[in-house]
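Enquirer: Here's a sequence, model it:
(2 chains)
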Protein chains: 2
Amino acid sequence: MSELTVIEGFPAALAEVATAVEGELTRLLPQPEGPELRLHQAMRYATLGGGKRLRAFLVVNGAALFGVGREPALRVAAAVELVHTYSLVHDDLPAMDDDELRRGRAACHIEFDEASAILAGDALLTLAFEVLAEEETHSNPEVRGELVAGLAAAAGCRGMVAGQAIDLAAEHSSIDVATLTRLHQLKTGALIAYASEAGAILGRAPAPLRQALHAYAHDLGLAYQIVDDLLDAEGDTDQLGKPAGSDAAAGKSTFVSVLGLERARTQARMLAQQAIKHLDPFEEKANLLRDLTHFVIDRTS
Amino acid sequence: MSELTVIEGFPAALAEVATAVEGELTRLLPQPEGPELRLHQAMRYATLGGGKRLRAFLVVNGAALFGVGREPALRVAAAVELVHTYSLVHDDLPAMDDDELRRGRAACHIEFDEASAILAGDALLTLAFEVLAEEETHSNPEVRGELVAGLAAAAGCRGMVAGQAIDLAAEHSSIDVATLTRLHQLKTGALIAYASEAGAILGRAPAPLRQALHAYAHDLGLAYQIVDDLLDAEGDTDQLGKPAGSDAAAGKSTFVSVLGLERARTQARMLAQQAIKHLDPFEEKANLLRDLTHFVIDRTS
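Expert: Take a look at the predicted model:
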């Protein structure tokens, strides 16, 4: 199978997971009712109907490597997307990144209000842990515990939230490439790594295979972020679904500002190659994860 | 033992748990370091050095009814206090209740800034689930799973966060006593009920005993809220550590505005008596929980 053929089939595979996880999220999110109706509406608005669902794709295809059933994989994928969504809702708030546009629509605090957005984010994060802890996610409580502890570690004060805190602290200041790398390893990398490893947790995979997925995710996550910075520097607002050029306007350090366009492009491609190399132990079973890497590098939004 | 004697010994018992859980929280919270230093400082500032730790007291004394070890009980107590603290940090934000004073000190977003307060709250909530999911909390993963799922249910979009959403929606409008009761059952009652039942989960207690604790907590939580409203209406700012009279100033419906002072006082005492009645199955082992009920009714801050 040529590389081109593989990539040609990829968007359908990505869309298939996006549709399936959307269905799972639709079931897991509360049906808006009672005097707390607006909270439930804000949770659904922020979560449903958008996003590439890359993290869900990582969970589902990581799980497939170990013969994990579809339903547990989709539940964990949904939990990861809930955490990702909560982080976007809070990051968009005026006191944080102050973005009014998200996934081509009004950000949650614009469509609703700031208080609803804060509470919706809080509730989405909480729901993610509830989903993982429930028996439907895995019959073995040990596995459920590992899933909860792993997600908390990836998302918390030594993971994603720490990354966002560093990002805010680094605003209006120029930082070196090492600090910038650490920032993104925490802010986006930690949850991407968790999504990649979650299938191995569900499948009780041996440590070396789990580590291979972690290494894959590490390189993929950084490549993803560099491409994000490239798109912000070169992309267009309509295609991105969020304002282009906002990093430069905010005086933010990015891989583009620190490395320059050309080196940033080279670095992203090198990381993608490394990521694919880490998938060797899985042979052709990991083809979709390889395709994802190409997709991440070549995406335009 | 006369009632007076029991109550006389109570403040020491409460202080003892507060000190122990403070030590546990000090260990569990991140040591401030790295470029995310400010996040860790905000988490510690918000969590340490204040509060009556009533929820921790409920966990520790609920656990004692079932012979649960001290260390697991303190970890669960710490997790509940982390969730309680996160809710205070987010509730105090300008977009929410806009309170500048908390536990006699500047609120987290005043001492730090809004972004740090949002992130610190997020990280505290996440840390609570991490603590519960770790093996040190209980050797049985089934128990850890039940603790995680229970906390998420109590704190999330059908529990505490729903209560805060109703509270915000009800601002500047008068609501009836049924809606007000439901609001507080969710906003404060759900976490208090969880704290009361957590010891039964840790101790794998039979369902009827767990239900007795749930019923106790239900009445205690409502009594607590009515006293809160009475203190806001009648108390003084210095003693409360937060501004007195803020509910009336904000035009909020409270048990005092809905029932009047006299009926609110009667209702609180009646609920306290009911709460104590639910402790009958535990005989004298539950004396400290009985004392807590008196304390809640008679407190001045």
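
Enquirer: rest of the way, CA atoms for contacts and neighbours
Expert: OK.

Enquirer: Once you drop chain neighbours, what's closest to residue A:46?
Expert: residue A:108 (5.9 Å; C-alpha to C-alpha, 6 or more residues apart in numbering or on different chains).

Enquirer: May I have the residues that are in contact with the one you found?
Expert: Applying C-alpha atoms under 8 Å, 6 or more residues apart in numbering or on different chains to residue A:108 gives the contacts A:42, A:45-46, A:89, A:114, A:117.

Enquirer: One more pass at 7 Å, please.
Expert: Residue A:108 is in contact with A:42, A:46, A:89, A:117, counting by C-alpha atoms under 7 Å, 6 or more residues apart in numbering or on different chains.

Enquirer: how close does residue A:227 get to residue A:299?
Expert: Noted for residue A:227: a distance of 8 Å to residue A:299, by C-alpha to C-alpha, to the nearest Å.

Enquirer: Correction: the previous question concerned residue A:144.
Expert: Distance, residue A:144 to residue A:299, using C-alpha to C-alpha: 34 Å.

Enquirer: The two - which one has more neighbours?
Expert: residue A:144 (28 against 11; other C-alpha atoms under 10 Å in any protein chain shown).

Enquirer: So which residue is dead centre in chain A?
Expert: residue A:55 (4.5 Å; C-alpha atoms, centre = their mean).

Enquirer: Please give the three-state secondary structure assignment for that one.
Expert: helix (DSSP: H, G, I helix; E, B strand; the rest coil).

Enquirer: I'd like the distance between it and chain B.
Expert: To chain B, residue A:55 is 19 Å away according to C-alpha to the nearest C-alpha, to the nearest Å.

Enquirer: I figured that residue hits residue A:191, correct?
Expert: No. Between residue A:55 and residue A:191 there is no contact under C-alpha atoms under 7 Å: 8.0 Å.

Enquirer: what's the closest of the contacts of residue A:108 to chain B?
Expert: Among the contacts of residue A:108, residue A:117 lies closest to chain B (C-alpha to the nearest C-alpha), at 9.8 Å.

Enquirer: which of the contacts of residue A:108 lies closest to residue A:104?
Expert: residue A:46 (11.7 Å; C-alpha to C-alpha).

Enquirer: Now the closest one, what are its backbone angles?
Expert: Dihedral angles phi and psi of residue A:46 (degrees, to the nearest 10) take the values phi -70, psi -30.

Enquirer: Let me know the pLDDT of it.
Expert: pLDDT for residue A:46: 98.

Enquirer: rewinding a little: can you check which residues contact both of residue A:55 and residue A:191?
Expert: With C-alpha under 7 Å, 6+ apart as the test, residue A:55 and residue A:191 reach no residue in common.

Enquirer: So for the helix or strand harbouring residue A:231, mean pLDDT?
Expert: Element membership for residue A:231 (DSSP states H and E) is helix A:207-234. Helix A:207-234 carries an average pLDDT of 94.

Enquirer: mind checking how far that helix is from the chain centre?
Expert: Distance of helix A:207-234 from the chain centroid (C-alpha atoms, centre = their mean, to the nearest Å) equals 10 Å.

Enquirer: buried ones in it?
Expert: Across helix A:207-234, burial judged by 16 or more other C-alpha atoms under 10 Å in any protein chain shown covers A:209-210, A:212-233.
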